[in-house]
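Colleague: structure, please.
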Amino acid sequence: MNLITYAMLDQRAVIQHRDSIVAVYASVFTEPPYSDSAEQIAAFGEDLVSHAGQLGFTFVAAWSGQQLVGFEYAITMEGSRWFRRAAGPPPNFLTGVDRCFILEWAVLQPWRGYGIGGELMRRVLADRPERYAVLSARPNAPAMAVYRRAGWRKAGDSYPTAENTRPHMEIMYLPLP
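Modeller: From the prediction side, this is the model:
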């Protein structure tokens, strides 16, 4: 395996590398159990640019030479917000506090199992001002085992709605140092 380098990307760099980021996303999220459609991949590309301008935006990229092999990014979820499709309100200890919201985390298949995903997570969560991190993931996704080993715990569930037909997701949280 080649040497992996990591880089924090600001909004301008994310826009500059958008096509590579979308390509990694498409490679990962068209695999089962995700099986995202072309429309969902396109929507991710649009959301990425929007997210890059939000409060607390942190983006970490993993590179092998000039090839992007993985990334993770987060924003701040303000204390008054919660997951739109959530089955209920947040647990009391997550109510009213800002949280680090992990939006996406992806590592290309050939690069999995080398600790790249864990390093991406460590770097995204480093020095965050929030007391907790949150994310949503499909219960049958391979990443769930990684999250649980890292100490993530269930905070709730989100379900499809008429407006947003994405499947059932488990909402998870992690206390930050």
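
Colleague: what residues of the lowest-mean-pLDDT helix or strand in the chain count as buried?
Modeller: None of the helices or strands of the chain scores lower by mean pLDDT, DSSP states H and E than helix 143-149, at a mean of 91. By 16 or more other Cβ atoms under 10 Å, the buried positions in helix 143-149 come out as 143, 146, 147. Quick note: C-beta positions are derived from backbone N, CA and C, even for glycine.

Colleague: report all helices and strands that whichever helix or strand comes after that helix contacts.
Modeller: Sequence-wise, the next helix or strand downstream of helix 143-149 (DSSP states H and E) is strand 153-158. Helices and strands touching strand 153-158, by 3 or more Cβ pairs under 8 Å, 6 or more residues apart in numbering; DSSP states H and E, are strand 169-175.

Colleague: other SSEs contacting the strand it packs on?
Modeller: Under the contact criterion of 3+ Cβ pairs under 8 Å, 6+ apart, strand 169-175 touches strand 132-137, strand 153-158.

Colleague: would CSV of these with mean pLDDT be doable?
Modeller: Putting those into CSV (pLDDT from 0 to 100) gives the following:
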stretch, mean pLDDT
strand 132-137, 97
strand 153-158, 96
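
Colleague: now those strands as TSV including distance to residue 6 and mean neighbour count?
Modeller: Below are those laid out as TSV (distance: least, Cβ to Cβ, whole Å; neighbours: other Cβ atoms under 10 Å):
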stretch	distance to residue 6	mean neighbour count
strand 132-137	18	21
strand 153-158	27	17
